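J.: A structural model of the following input is requested.
(chains A and B)
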Amino acid sequence: GNSVTQMEGPVTLSEEAFLTINCTYTATGYPSLFWYVQYPGEGLQLLLKATKADDKGSNKGFEATYRKETTSFHLEKGSVQVSDSAVYFCALSASSGGSYIPTFGRGTSLIVHP
Amino acid sequence: EPEVTQTPSHQVTQMGQEVILRCVPISNHLYFYWYRQILGQKVEFLVSFYNNEISEKSEIFDDQFSVERPDGSNFTLKIRSTKLEDSAMYFCASRPQGNIQYFGAGTRLSVL
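T.: Prediction:
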């Protein structure tokens, strides 16, 4: 079956530090890959996505590249801000008869200090 | 921007009681979902709903759970007789055609 593994948190960084949150997956077929973010007290928001190999998703300074050869979709940001403090979820979605039910990782908490 | 709305944000109940968690999906969306996240664990799929019927459900979604779209705007999850292990964050989601789901802020259910 499908699964997503992401690094355990919390990840604690100082403002302007470089961020990497690792995510690897196993899937049958050719899934789409996503990063969702959950800010305190809010719902899951789609941060970025990639639908095929070598695609790079990007949004708000975050990037992730769909690497089929390493089955990875690592999230990166060159310079984090305090406002980036949130929980980040890696997910995959593979169509199964028209169903797009994502499989989520456990989430990685990011804490950014001023 | 349209959003998925869930109420209440926090529900406290006694073991064995029935609870109804409410969701208002985005108005032109066609597919509706419930997920749960036990503290510290993964977000888990419970059920999907399309065209006024359940289209898919997980092993977690047993006879204690039911969903309903009673009036064309609300989408509810009912737990008939809550257990301690039902304590979790419950997320509602909806989507139009395509593979991007839009999530609500969640309802934290605490079963005492």
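J.: Can you pull the residues of chain B lying near chain A?
T.: Within reach of chain A by Cβ under 8 Å from any Cβ of the partner chain, chain B has these residues: B:3-4, B:6, B:31, B:33, B:40-45, B:48, B:55-56, B:91, B:93, B:95, B:98-106. Every residue, glycine included, has its C-beta placed from N, CA and C.
J.: at 6 Å instead, please
T.: By Cβ under 6 Å from any Cβ of the partner chain, the residues of chain B that approach chain A are B:Lys42, B:Val43, B:Phe45, B:Glu56, B:Asn99, B:Ile100, B:Phe103, B:Gly104, B:Ala105, B:Gly106.
J.: With respect to pLDDT, which of the residues you listed ranks lowest?
T.: Here the lowest pLDDT out of those sits on B:Asn99, with 74.
J.: picking that back up, counting only strands, which of the residues of chain B next to chain A make the cut?
T.: Among the residues of chain B next to chain A, the ones falling in strands (DSSP state E) are B:Val43, B:Phe45, B:Glu56, B:Phe103.
J.: For the residues you listed, work out which two are farthest apart.
T.: Farthest pair in those (Cβ to Cβ) is B:Glu56 and B:Phe103. Separation: 17.4 Å.
J.: Comparing those two, which shows the higher neighbour count?
T.: B:Phe103 (23 against 16; other Cβ atoms under 10 Å in any protein chain shown).
J.: The more buried one pairs with what?
T.: B:Ala93 (DSSP bridges).
J.: how near is it to B:Pro96?
T.: 14 Å (Cβ to Cβ, to the nearest Å).
J.: Nearest residue to B:Thr7 in space, please, no chain neighbours.
T.: Ranked by Cβ to Cβ, 6 or more residues apart in numbering or on different chains and with sequence neighbours excluded, the top spatial neighbour of B:Thr7 is B:Arg22, at 4.9 Å.
J.: Can I take it that the one you found is in a strand?
T.: Yes. The assignment for B:Arg22 (DSSP: H, G, I helix; E, B strand; the rest coil) places it in a strand.
J.: so it sits right up against B:Pro8, yeah?
T.: No. Assessed by Cβ atoms under 6 Å, B:Arg22 is found out of contact with B:Pro8, at 7.9 Å.
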